[in-house]
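A.B. asks: Prediction below, plus the sequence it came from.
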Amino acid sequence: MIYWQLLITFMKIGALSFGGGLAVLPLIEEELVQDLSWLTLEEFVDVLTLSEMTPGPIAINAATAAGNNVAGITGGIVATVGVVLPSLFIVMVLAYIYFKYRNLSLFQGAIEGLRPAVVALIASAGVTIFMTALFSSSSFDVTLSDLNLINLAIFLLALYGLRKIRLSTIQTIILSGIIGGIVFSIV
């Protein structure tokens, strides 16, 4: 029964995840954390961390990690298949439609109209991750006393490394992991 639920849940997520990997994160959070309670918010952030630091598309990695967390290796496989199937079908249909009707202004307008919504989805996921990482809560009902100063310092160092020093993503992940491992093993 859990495998069937995983398949249907991730097929729904896969069918509704427009805009790439990061845009799927609010859908995964809503389904797995809020609606089904399969993951806690902290487990969801851990899934995101694993998904971001491993090679491959974040949506597929997140489905695999979440499915594995919920129902073991078989759950990871089922969730991965579930998230990929709708995309495969939809892309095949849309590619046909796109190449046939791409010059129509209505079609071009629809594509243009989707862009701001995709940005909103990505921003929503970013805010959830930010709040959970720094305040251990995704709500805005927090105070400065809830702020995790160590996580804030690692966040600021990572942001500085990415934007000013131009560290690569993998360098930033490795260095942040090393810093976190050292600091949190001492504290």
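C.D. replies: Now that the structure is in, tell me what you want to look at. Treat the numbers as computed from the prediction; the structure is a model and nothing was measured.
A.B. asks: Now the helix or strand hosting residue 110: buried residues?
C.D. replies: Assigned by DSSP states H and E, residue 110 falls within helix 105-135. Within helix 105-135, the residues scored as buried using 16 or more other CB atoms under 10 Å are 121, 122, 124, 125, 128, 129, 131, 132, 133, 134, 135. (Each C-beta comes from the backbone N, C-alpha and C, glycine too.)
A.B. asks: Helix or strand with the lowest mean pLDDT in the chain?
C.D. replies: helix 25-28 (a mean of 84; mean pLDDT, DSSP states H and E).
A.B. asks: tilt between the next helix or strand after that helix and helix 105-135?
C.D. replies: Downstream of helix 25-28, the first helix or strand assigned by DSSP H and E is helix 41-53. With axes from the mean of the first three to the mean of the last three CA atoms, to 10 degrees as the basis, helix 41-53 and helix 105-135 are set at 120 degrees to each other.
A.B. asks: elements contacting the following helix or strand past helix 41-53?
C.D. replies: Using DSSP H and E, the helix or strand that follows helix 41-53 towards the C-terminus is helix 58-101. In terms of contacts (3 or more CB pairs under 8 Å, 6 or more residues apart in numbering; DSSP states H and E), helix 58-101 is packed against helix 2-16, helix 25-28, helix 41-53, helix 105-135.
A.B. asks: Which one, of those, ends up nearest to residue 95?
C.D. replies: Nearest to residue 95, of all these, is helix 105-135, at 13.1 Å by CB to CB.
A.B. asks: Buried residues, the helix or strand following the closest one. List them.
C.D. replies: Downstream of helix 105-135, the next assigned helix or strand under DSSP H and E is helix 149-160. Buried residues in helix 149-160, defined by neighbour count with 16+ other CB under 10 Å: 151, 154, 158.
A.B. asks: rewinding a little: could you give the mean pLDDT of the helix holding residue 110?
C.D. replies: For helix 105-135, mean pLDDT is 88.
A.B. asks: tell me the angle it makes with helix 2-16.
C.D. replies: If you take the same axes, to 10 degrees, helix 105-135 sits at 120 degrees to helix 2-16.
A.B. asks: Taking helix 149-160 as reference, get the angle to helix 105-135.
C.D. replies: Between helix 105-135 and helix 149-160, the angle comes out at 140 degrees (the same axes, to 10 degrees).
A.B. asks: could you dump stretch 5-17 to PDB, C-alpha only?
C.D. replies: Extracted in PDB, the C-alpha atoms of stretch 5-17 (Å, rounded to 0.1, in the frame of the first residue of the first chain):
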ATOM      1  CA  GLN A   5       0.800   5.800  -2.300                       C
ATOM      2  CA  LEU A   6       4.400   6.800  -3.000                       C
ATOM      3  CA  LEU A   7       3.900   6.200  -6.800                       C
ATOM      4  CA  ILE A   8       0.700   8.200  -6.900                       C
ATOM      5  CA  THR A   9       2.100  11.000  -4.700                       C
ATOM      6  CA  PHE A  10       5.300  11.400  -6.800                       C
ATOM      7  CA  MET A  11       3.400  11.100 -10.100                       C
ATOM      8  CA  LYS A  12       1.300  14.000  -8.900                       C
ATOM      9  CA  ILE A  13       4.400  16.000  -7.900                       C
ATOM     10  CA  GLY A  14       6.000  15.200 -11.200                       C
ATOM     11  CA  ALA A  15       3.000  16.200 -13.100                       C
ATOM     12  CA  LEU A  16       2.700  19.600 -11.300                       C
ATOM     13  CA  SER A  17       6.400  20.500 -11.000                       C
END
